[in-house]
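Q: Got a predicted structure plus its sequence, pasted below:
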Amino acid sequence: MQTKKLGVWGATLFCINTVVGVGIFFKNASIFNANGNNGWGVVISWLIGAVVILFTSLTMANIAMQKQKDDKYNGWICWGNTFLGSKIAKFMAFFYNLIFLPLLSLIVAVFCTSAAFKIFGATNVHFSIVCIVSVLFVVLTIFLDYLKKSSLLVGAKWLGYINYLPLIICVAGMIFAFSTNQTSNLFDVNNSAVGSKNVNFSAIMSALPGVLFAFNGFFAIGDIKDEIDQPNKKVPLAIIVSTLVIAAIYVGCSITLAINGNSQGMILMAFGEKGVPYISAVLCLVTVGSVCSLQGNANHNCDKFIKTDILFCSKGLDNLNNKKAGLGGLVLSLSALLIHVLVFVVPSMIIDTDDLIDISSNFLSFFVFILLSMIMVSFLIKSFDKKSEVKCNIFIKISAIISILALVFSTCYLALYVPINDFITKPLEWNNGSGVFFHRDNKLQYWLGDTILYITLFYTPILFFTNVLLFKLKNKKASA
């Protein structure tokens, strides 16, 4: 039986469900803090980020329409293969399928579990308990997705609707919040909660990396190219449409949150302090949808990833797939989760802090920004070469330049300015909280947090080159 392929709207929804729910709730507190709770600064930060991502999506859409080298890969990895070469493409495939998607899913699961405990007022529970429940939650989503693909789960069709929760709740939350009586408006500079009375350009720029992180994954639409009708025409259009919709949702949410005083204001205004469980329930529902969407995408990609010659154990996993559809992908998804748990979750459980997991989200952004910038730089260079088959108009070239500058700035800010500035000016001070999860008593000193950040930057290359070494040893043994 032939599966019905997605059109522009179906592909657009896939992209929206992958992105929305991670950013506006995940990094929002840091964006408010960077702007000193100035509502105008917060909204301008989101607007600038939305414009940058729109330029990026226009550029990536144009890249998607160019003649690709081959169909071995999907999405941005295929574009990387065309413009950066096969070696970089293999690194991108390894990073995206085994690190980016599964680790981001785990991070959001921790956020979701923290919110779930908050519903029942369990604010002082040891972080190890939160981590254990989070890991079990991700394992559950992996198995449910496997059962759904294997047609072993009754009502599997309805399980997919969970992915729509972030979009539905974000829109409903905006409508609900605008209908309440706002008394803590952060657009009012006379409000005592507004620490910065004037809009500060440097504050807006410092918030930009967090804003761009919120759009992480808009390029994921290319992952399902084979499931889209006329992908060469509809993938670029879906990238642009989904980016516009996501930008509108994020800017609308930022205005709503600023009007209501903070990220919790939209429910606190209606219910007071008794509204905390309601807030937590909303966050929990939103992130459940995000985890299911992210992990579903990760599982989908793992099934395709093992058919490449990148992973040293691909042949064995492919044999498992031949015995039972999706079994090899299931084993690979669980293996990737195990590695991330050992590296990030276990230390977090021991020292009872969420700072380590928050740091891991920054290194994910670092690699995404760098790789996207490299693709666009190569595309831009080839577009000026008259002998090249790459063609685009002047507007796309300007869009590419703006996108590259913004992404490079965000990368330098995340990986260089912030940690170096912290290390020099306040190395022994205690980090007052990441703003990602609910408050934890145990925090890291800045010098240790910055050191861990740089260590995590080597996490992906170490795993990748370990895989390359194992691949070579396997081939050497086979030829002996």
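A: All right, it came through fine.
Q: Per-residue pLDDT of residue 373, please?
A: As predicted, residue 373 sits at a pLDDT of 92.
Q: Residue 309 too?
A: At residue 309, the pLDDT value in this model is 79.
Q: That one: what secondary structure?
A: Following DSSP: H, G, I helix; E, B strand; the rest coil, residue 309 is assigned to coil.
Q: Over to the one 3 residues further on?
A: What three-state DSSP gives for residue 312 is coil.
Q: Find the nearest non-adjacent residue to the residue nearest the centre of the chain, please.
A: Centrality entry for the chain: nearest residue to the mean C-alpha point is residue 216, 4.2 Å, by Cα atoms, centre = their mean. Residue nearest to residue 216 in three dimensions, not counting chain neighbours: residue 368, with 6.0 Å by Cβ to Cβ, 6 or more residues apart in numbering. For every residue, glycine as well, the C-beta is placed using N, CA and C.
Q: Residue 352 reaches residue 128, doesn't it?
A: Yes. Taking Cβ atoms under 8 Å as the definition, residue 352 is a contact partner of residue 128 at 6.9 Å.
Q: thinking again about what came up before, could you look up the SS state of the residue nearest to the centre of the chain?
A: Going by three-state DSSP, the secondary structure assigned to residue 216 is coil.
Q: got a pLDDT number for it?
A: According to the prediction, residue 216 has pLDDT 71.
Q: Check the one 10 residues further on too.
A: Looking at residue 226, its pLDDT reads 63.
Q: What distance do you get for the residue nearest to residue 216 to residue 7?
A: Remark: distance between residue 368 and residue 7 (Cβ to Cβ, to the nearest Å) = 27 Å.
Q: who's more crowded, those two?
A: residue 368 (25 against 13; other Cβ atoms under 10 Å).
Q: Which strand or helix spans that one?
A: Under the criterion of DSSP states H and E, residue 368 resides in helix 355-383.
Q: Quick check: buried residues in that helix?
A: 355-369, 371-380, 382-383 (16 or more other Cβ atoms under 10 Å).
Q: do stretch 340-352 as well
A: Of the residues in stretch 340-352, those with enough neighbours to count as buried (16+ other Cβ under 10 Å) are 340-341, 343-345, 348-349.
Q: Give me the distance between it and the centre of its chain.
A: Offset of stretch 340-352 from its chain centre (Cα atoms, centre = their mean, to the nearest Å): 20 Å.
Q: For it, what does the pLDDT average out to?
A: Mean pLDDT, taken over the full extent of stretch 340-352, equals 85.
Q: From the opening residue of that stretch to its closing one, how far?
A: Between the start and the finish of stretch 340-352 there is a gap of 17 Å, counting by Cα to Cα, to the nearest Å.
Q: Show me the contact partners of it.
A: 99, 102-103, 106, 126-128, 131-132, 134-135, 354-357, 360, 440-442, 459 (Cβ atoms under 8 Å, 6 or more residues apart in numbering).
Q: And the buried ones among those, selectable in PyMOL?
A: Applying 16+ other Cβ under 10 Å to these, the buried members can be selected in PyMOL as follows:
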select buried, resi 99+102+103+106+127+131+134+135+354+355+356+357+360+440+459
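Q: Which ones among the contacts of stretch 340-352 lie within helices?
A: Among those, the subset assigned to helices under DSSP state H consists of 102-103, 106, 127-128, 131-132, 134-135, 355-357, 360, 459.
Q: got CSV for those, with distance to residue 414 and pLDDT too?
A: Below are the ones in helices among the contacts of stretch 340-352 laid out as CSV (distance: Cβ to Cβ, whole Å; pLDDT from 0 to 100):
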residue, distance to residue 414, pLDDT
102, 21, 88
103, 16, 88
106, 20, 88
127, 24, 83
128, 28, 86
131, 24, 88
132, 30, 91
134, 24, 89
135, 26, 91
355, 15, 73
356, 16, 75
357, 16, 79
360, 13, 77
459, 15, 85
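Q: Out of those residues, which is nearest to residue 201?
A: residue 355 (28.8 Å; Cβ to Cβ).
Q: I'd guessed the closest one sits against residue 449; true?
A: Yes. Distance between residue 355 and residue 449: 6.0 Å, which falls inside the contact criterion (Cβ under 8 Å).
Q: burial of residue 477, as a residue count?
A: Neighbours around residue 477, by other Cβ under 10 Å: 8.
Q: same question, residue 307
A: For residue 307, using other Cβ under 10 Å, the count is 14.
Q: Also residue 449?
A: The burial count assigned to residue 449 is 22, neighbours taken as other Cβ under 10 Å.
Q: For the helix or strand harbouring residue 89, buried residues please.
A: Of the helices and strands defined by DSSP H and E, residue 89 is found in helix 86-95. Counting neighbours by 16+ other Cβ under 10 Å, one finds that the buried residues in helix 86-95 are 88-95.
Q: As a markdown table, these with distance to residue 478 and pLDDT would be great.
A: As requested, the buried residues of helix 86-95 are arranged in a markdown table below (distance: Cβ to Cβ, whole Å; pLDDT from 0 to 100):
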| residue | distance to residue 478 | pLDDT |
| --- | --- | --- |
| 88 | 26 | 91 |
| 89 | 24 | 90 |
| 90 | 20 | 90 |
| 91 | 24 | 92 |
| 92 | 27 | 91 |
| 93 | 23 | 89 |
| 94 | 21 | 91 |
| 95 | 27 | 91 |
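Q: Residue 365 - nearest residue in space that isn't next to it in sequence?
A: In space, residue 365 comes closest to residue 213 once its chain neighbours are excluded; the distance is 4.8 Å by Cβ to Cβ, 6+ apart.
Q: Check which element follows the helix holding residue 368 along the chain.
A: Sequence-wise, the next helix or strand beyond helix 355-383 is helix 394-412, with elements assigned using DSSP H and E.
Q: in the helix or strand following that next one, what's buried?
A: Sequence-wise, the next helix or strand beyond helix 394-412 is helix 418-425, with elements assigned using DSSP H and E. Neighbour-count burial for helix 418-425, with 16+ other Cβ under 10 Å as criterion, is recorded at 418-419, 422.
Q: Could you list every helix and strand in contact with helix 418-425?
A: Identification of packing neighbours for helix 418-425 by 3 or more Cβ pairs under 8 Å, 6 or more residues apart in numbering; DSSP states H and E yields helix 446-457.
Q: pLDDT averaged over the helix it packs on, what's the number?
A: Taken as a whole, helix 446-457 has an average pLDDT of 75.
Q: okay, the angle between that helix and helix 355-383?
A: Angle between the axes of helix 446-457 and helix 355-383 is 50 degrees (criterion: axes from the mean of the first three to the mean of the last three Cα atoms, to 10 degrees).
Q: so how far is helix 446-457 off the chain centroid?
A: Computed by Cα atoms, centre = their mean, the separation of helix 446-457 from the middle of its chain amounts to 20 Å.
Q: What would that helix look like as PDB? C-alpha coordinates only.
A: Listed next in PDB are the C-alpha coordinates belonging to helix 446-457 (Å, rounded to 0.1, in the frame of the first residue of the first chain):
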ATOM      1  CA  TYR A 446      31.700  30.500  36.500                       C
ATOM      2  CA  TRP A 447      35.200  29.200  36.000                       C
ATOM      3  CA  LEU A 448      34.000  25.600  36.200                       C
ATOM      4  CA  GLY A 449      30.900  26.200  34.000                       C
ATOM      5  CA  ASP A 450      33.100  27.900  31.400                       C
ATOM      6  CA  THR A 451      35.600  25.100  31.500                       C
ATOM      7  CA  ILE A 452      32.800  22.500  31.000                       C
ATOM      8  CA  LEU A 453      31.500  24.500  28.000                       C
ATOM      9  CA  TYR A 454      34.800  24.200  26.200                       C
ATOM     10  CA  ILE A 455      35.000  20.500  27.100                       C
ATOM     11  CA  THR A 456      31.600  19.900  25.600                       C
ATOM     12  CA  LEU A 457      32.700  21.500  22.400                       C
END
